[in-house]
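Peer 1: my questions concern the predicted model and sequence given below.
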Amino acid sequence: MKRVLFSVVLLLPLGLAAQVTSPDVQKVLQRDFHTRGQATMDRVVQDGVQRVCTESNDRPPADLAKQMEADQMKTIAFPQGSLIGDWKNGERIAQNGRGLQWTDDAGAAAGGSCYNCHQLSPQEGSYGTLGPSLLRFGATRGSGPEMQRYVYGKIYNAKAYNLCSQMPRLGYSGTLTPEQIKDLVGLLLDPASPVNK
């Protein structure tokens, strides 16, 4: 994988970055990435949504994006009843970055790595800024059934709400279970959660 990054980074100083195409990158990935453990070659193959976003530089035509988002929305399997789980388990999932690595057992529970992209708890000193801050998320938006459904769906498949979102499709990909997603909904919406303090 280091060779892939080195190959792509080498082109940047030469002013060739604009000339590098998606098929070029795909060829480099297929050349340099090899199946190891549960990390298989399907990880380097883009699906239709990813390809549209890549080829449009994350700016697909609005009508196409709307149709594809509607298609992605159909992939979300909403459980019955309350979608708010145990926020304490949600905090552990948000903190956990393990899972789906080649050294992990296939089917082992993965984490959400939420802090890699979001600020969640005011007590957390280290967090990413790729995604928006989620401090006081439930306190400012409420925790009713519609908000539960939105948050569950966004975690399950963010591309149903924003086609070219950088957020992983944690439920759609099977990275997180429905129960884990409900626990993350609890972390964001439960008034007792540190997110809402």
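Peer 2: Happy to help now that I have it.
Peer 1: centroid residue for the protein?
Peer 2: Nearest to the geometric centre of the chain sits Pro168, at 1.5 Å (CA atoms, centre = their mean).
Peer 1: pLDDT score for that one?
Peer 2: What the model reports for Pro168 is a pLDDT of 94.
Peer 1: residue ranges with poor pLDDT in the chain?
Peer 2: In the predicted model of the chain, residues 1-22, 100, 102 satisfy pLDDT under 70.
Peer 1: verify the stated contact: the residue nearest to the centre of the chain with Gly174.
Peer 2: No - between Pro168 and Gly174 no contact is recorded; they are 11.2 Å apart, counting by CB atoms under 8 Å. C-beta coordinates here come from the backbone N, C-alpha and C atoms, glycine included.
Peer 1: hang on, the earlier thing: skip the chain neighbours and tell me the closest residue to the residue nearest to the centre of the chain.
Peer 2: With CB to CB, 6 or more residues apart in numbering as the criterion, Pro168 has its nearest non-adjacent residue at 6.7 Å, and that residue is Thr175.
Peer 1: ok so the one you found is a strand residue?
Peer 2: No - when classified by DSSP: H, G, I helix; E, B strand; the rest coil, Thr175 is found to be coil rather than part of a strand.
Peer 1: quick check: phi and psi at it.
Peer 2: Backbone torsions of Thr175, given as degrees, to the nearest 10, read phi -60, psi -40.
Peer 1: could we number from 164 for the rest of this?
Peer 2: OK, 164 is where the count begins now, so the last one is Thr338.
Peer 1: what's near enough to touch it?
Peer 2: With CB atoms under 8 Å, 6 or more residues apart in numbering as the criterion, the residues that contact Thr338 are Gly262, Leu263, Ala273, Gly275, Pro331.
Peer 1: which one of those has the most neighbours?
Peer 2: In terms of neighbours by other CB atoms under 10 Å, the contacts of Thr338 top out with Gly275 at 26 neighbours.
Peer 1: Ser356 versus the closest residue to Asn359 other than its chain neighbours, what's the distance?
Peer 2: Distances taken as CB to CB, 6+ apart put Ala302 closest to Asn359, at 4.3 Å, once the chain neighbours are dropped. Relative to Ser356, Ala302 is positioned 9 Å away (CB to CB, to the nearest Å).
Peer 1: more crowded one of the two?
Peer 2: Set side by side, Ala302 and Ser356 show more neighbours around Ser356, with 23 against 14, by other CB under 10 Å.
Peer 1: just checking, that one touches Gly349?
Peer 2: Yes - in terms of CB under 8 Å, Ser356 counts as a neighbour of Gly349; the distance is 6.7 Å.
Peer 1: can you list residues touching both of the two?
Peer 2: Each of Trp250, Gly253 lies in contact with both Ser356 and Gly349 under the rule CB under 8 Å, 6+ apart.
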